[in-house]
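*Asks:* Quick one, what's the 3D model for this:
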Amino acid sequence: MEESILQASNEPIAATDTKSQLSATAMEPPTIPDKCQMQKDALRGAMHDCKMAMKRLGECQDAYFRCQYGVNLQGIGTDTKNATYDAAIRWRAIGASSAINTMGIGLEQISINSGVRVDD
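*Replies:* Next up, the predicted model:
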């Protein structure tokens, strides 16, 4: 076996002067989880519960007025010519019906202003 010795080169090794190039392809920004998602979900759940409670409240209120006074709250303000009940009961029924509608408008305002929708 012969030993072979490699000759050293007299040329200096030049350091590479290249920098890594960034890719020209578009990259998606990193996905950042919504830090408020838990609170948003809780708000949506509370609003849904409130909406269902108001629906039940309206149904119970209507049933009570039908039983107690013989008044159907559906269309209470539009049936004046066929009304067979006195004005005090009619105003009470209108007030009760209006209150439920006002609560619904309030919940809708919360939804609009918070940007959180509640769909049934």
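*Asks:* make it CA atoms for all contacts and neighbour counts henceforth
*Replies:* OK.
*Asks:* Now do the buried residues in stretch 50-57.
*Replies:* If you call a residue buried by 16 or more other Cα atoms under 10 Å, then stretch 50-57 has these buried ones: Lys51, Met54.
*Asks:* Which strands or helices does whatever helix or strand Ile100 lives in pack on?
*Replies:* Using DSSP states H and E, Ile100 sits within helix 87-114. Packing contacts for helix 87-114, counted by 3 or more Cα pairs under 8 Å, 6 or more residues apart in numbering; DSSP states H and E, involve helix 37-69.
*Asks:* so what does the helix it packs on touch, helix or strand wise?
*Replies:* Counting contacts by 3+ Cα pairs under 8 Å, 6+ apart, helix 37-69 is packed against helix 87-114.
*Asks:* For the residue lying closest to Ser97 once chain neighbours are set aside, give me its contacts.
*Replies:* Spatially, and ignoring its direct neighbours in sequence, Ser97 is nearest to Leu73 (6.3 Å; Cα to Cα, 6 or more residues apart in numbering). The contact partners of Leu73, by Cα atoms under 8 Å, 6 or more residues apart in numbering, come to Asp62, Phe65, Arg66, Ala93, Ile94, Ser97.
*Asks:* Is it correct that the first one is in contact with Gln68?
*Replies:* Okay, so that is Asp62. No: the criterion here is Cα atoms under 8 Å, and Asp62 misses it with Gln68 at 9.9 Å.
*Asks:* Of those two, which one has the most company?
*Replies:* Asp62 (20 against 9; other Cα atoms under 10 Å).
*Asks:* Check the more buried one and give its pLDDT.
*Replies:* pLDDT recorded at Asp62 is 89.
*Asks:* what's the helix or strand for the closest residue in space to it that isn't next to it in sequence?
*Replies:* Leaving aside its chain neighbours, Asp62 sits nearest to Leu73 (5.5 Å; criterion: Cα to Cα, 6+ apart). Here Leu73, judged by DSSP H and E, is contained in no helix and no strand.
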